[in-house]
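1. how would this look folded up:
(one chain, ligands or ions: 1)
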Amino acid sequence: MSEIVYETSNQVAVIRINRPEASNAVNSQVMAELPEALERAANDASVRAVLITGTGDRSFVAGGDLKEFHDTLHSAEDVYKKWSVMRQILYRIATFNKPVVAGLNGAVRGGGAELAMACHFRVASSKASIGFVQVKLGISPGWGGAALLARTVGMQRARWLLLSGQVLEAAEAEGLGLVDRVVSSLTFMPDALQFAGELAANPPDAVQGILEMMRTAEKLDLAASMELESRLCASLWNSEPHQAAIDRFLKKRK
Ligand SMILES: CCC(=O)SCCNC(=O)CCNC(=O)[C@H](O)C(C)(C)COP(=O)(O)OP(=O)(O)OC[C@H]1O[C@@H](n2cnc3c(N)ncnc32)[C@H](O)[C@@H]1OP(=O)(O)O
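-> I've put the predicted structure just below:
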């Protein structure tokens, strides 16, 4: 692997897009290596959460590599095929069965914002800025990021962000619900790892079950989604982590 760095820290897999000279823009090589890194994290039982970030403190991901893709993608069909690969990667992240956190260490633009939206959570450095700037370039999001954005912040806010191309500072993005936590740029990586680590510390069957339930619930009516919740809790009732938690609770009271 060269343009993606894969490391683990406690129970967190850190997947780092490593093209600082190109503001970590996604090129074909990143698109080839990112799925390998994700499957490595999926298949390692000791990994309980994933943090996706970029190298350095200037950019998370500056979108698609405008240099490569303008040299290589000529027809609408070329673009559709290429973007379909990236869309499937984003879908894999959005439906991952371990929590995935985007560590927004700097500028997040265009496709970079789409990638961030595919993650379940976003932790931003106080110096990060986020913009769905595709409209300024006369295009639209193409990797599935608009659908993911609307599911996170609602259709009206999504429409505004996508049509204005406005670049938001981290604090403003947090106010809109686009970012879950803003941390100091000076302690970005330890703080992002701590955020992911807190998710990793919870029992994996419960975490996986809740992720899956929330995803399925989006497609169900209220009664069915509430019923699914009862079934999930029932299936976790006799699990070892729940029994151990109850034992701890009862012992404290003796
Ligand atoms: C798939 C469709 C899309 O994603 S459309 C959206 C495409 N992205 C953009 O329009 C963002 C363009 N980039 C920028 O606005 C800035 O470079 C940002 C990301 C804010 C970083 O600014 P700053 O830290 O000052 O760095 P810089 O501008 O000097 O850039 C450093 C080197 O990175 C490169 N870079 C930047 N973005 C891309 C990109 N998307 N594709 C390819 N290369 C990119 C710059 O060209 C620069 O490299 P060089 O010094 O010119 O060799």
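
2. for L148, which non-adjacent residue is closest in space?
-> For L148, ignoring the flanking residues on the chain, the nearest one in space by Cβ to Cβ, 6 or more residues apart in numbering is M117 at 3.9 Å. C-beta: built from backbone N, CA, C; applies to glycine.

3. enumerate every residue touching that neighbour.
-> Neighbour list for M117: L90, G145, L148, L149, T152 [criterion: Cβ atoms under 8 Å, 6 or more residues apart in numbering].

4. now the strands for the stretch 151-254 of the chain?
-> For the stretch 151-254 of the chain, strands defined by DSSP state E, counting those that start in this stretch occupy the ranges 167-169, 181-183.

5. same list (the ones you listed) but as JSON lines, adding mean pLDDT and mean neighbour count.
-> Shown next, in JSON lines, are the strands of the stretch 151-254 of the chain (pLDDT from 0 to 100; neighbours: other Cβ atoms under 10 Å):
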{"stretch": "strand 167-169", "mean pLDDT": "98", "mean neighbour count": "18"}
{"stretch": "strand 181-183", "mean pLDDT": "98", "mean neighbour count": "19"}
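
6. how about these, which one is nearest the ligand?
-> Using Cβ to the nearest ligand atom as the criterion, the shortest distance between the ligand and these is 8.2 Å, found for strand 167-169.

7. which parts of the stretch 51-200 of the chain are helices?
-> Assigned by DSSP state H, counting those that start in this stretch, the helices in the stretch 51-200 of the chain fall at 66-72, 76-94, 111-118, 145-153, 155-164, 170-175, 188-200.

8. if you compare these, which one is most tucked away?
-> Comparing the helices of the stretch 51-200 of the chain by mean neighbour count (mean count of other Cβ atoms under 10 Å), helix 111-118 ranks first with a mean of 28.

9. quick one, that helix and helix 145-153 angle?
-> Inter-element angle recorded for helix 111-118 and helix 145-153: 50 degrees (by axes from the mean of the first three to the mean of the last three Cα atoms, to 10 degrees).

10. go through the residues of the stretch 101-250 of the chain and report the one nearest to the ligand.
-> Here the residue of the stretch 101-250 of the chain nearest the ligand is G110; by Cβ to the nearest ligand atom that distance is 2.3 Å.

11. so what's the backbone phi/psi at that residue?
-> With angles defined as degrees, to the nearest 10, G110 shows backbone torsions of phi 50, psi -120.

12. and it, how many neighbours?
-> 27 (other Cβ atoms under 10 Å).

13. do the same with R122
-> Residues near R122, counting by other Cβ under 10 Å, number 28.

14. list the contacts of it.
-> Applying Cβ under 8 Å, 6+ apart, one finds that R122 lies in contact with V101, A102, L104, A116, A173, L178, V179, D180.

15. swap the cut-off to 6 Å and go again
-> With contact set as Cβ atoms under 6 Å, 6 or more residues apart in numbering, R122 has these partners: A102, L104, A116, V179, D180.

16. can you pick the most crowded of the residues you listed?
-> With neighbours defined as other Cβ under 10 Å, the most crowded of the contacts of R122 is L104; it has 33 neighbours.

17. still on that earlier bit, would you reformat the contacts of R122 as a markdown table and include pLDDT and distance to the ligand?
-> Putting these into a markdown table (pLDDT from 0 to 100; distance: Cβ to the nearest ligand atom, whole Å) gives the following:
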| residue | pLDDT | distance to the ligand |
| --- | --- | --- |
| A102 | 99 | 15 |
| L104 | 98 | 12 |
| A116 | 99 | 12 |
| V179 | 98 | 17 |
| D180 | 98 | 22 |
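
18. run through the bridge partners of A107.
-> In this structure, A107 bridges to S59, S129 when assessed by DSSP bridges.

19. that one: neighbour count?
-> Taking other Cβ under 10 Å as the neighbour definition, A107 ends up with a count of 22.
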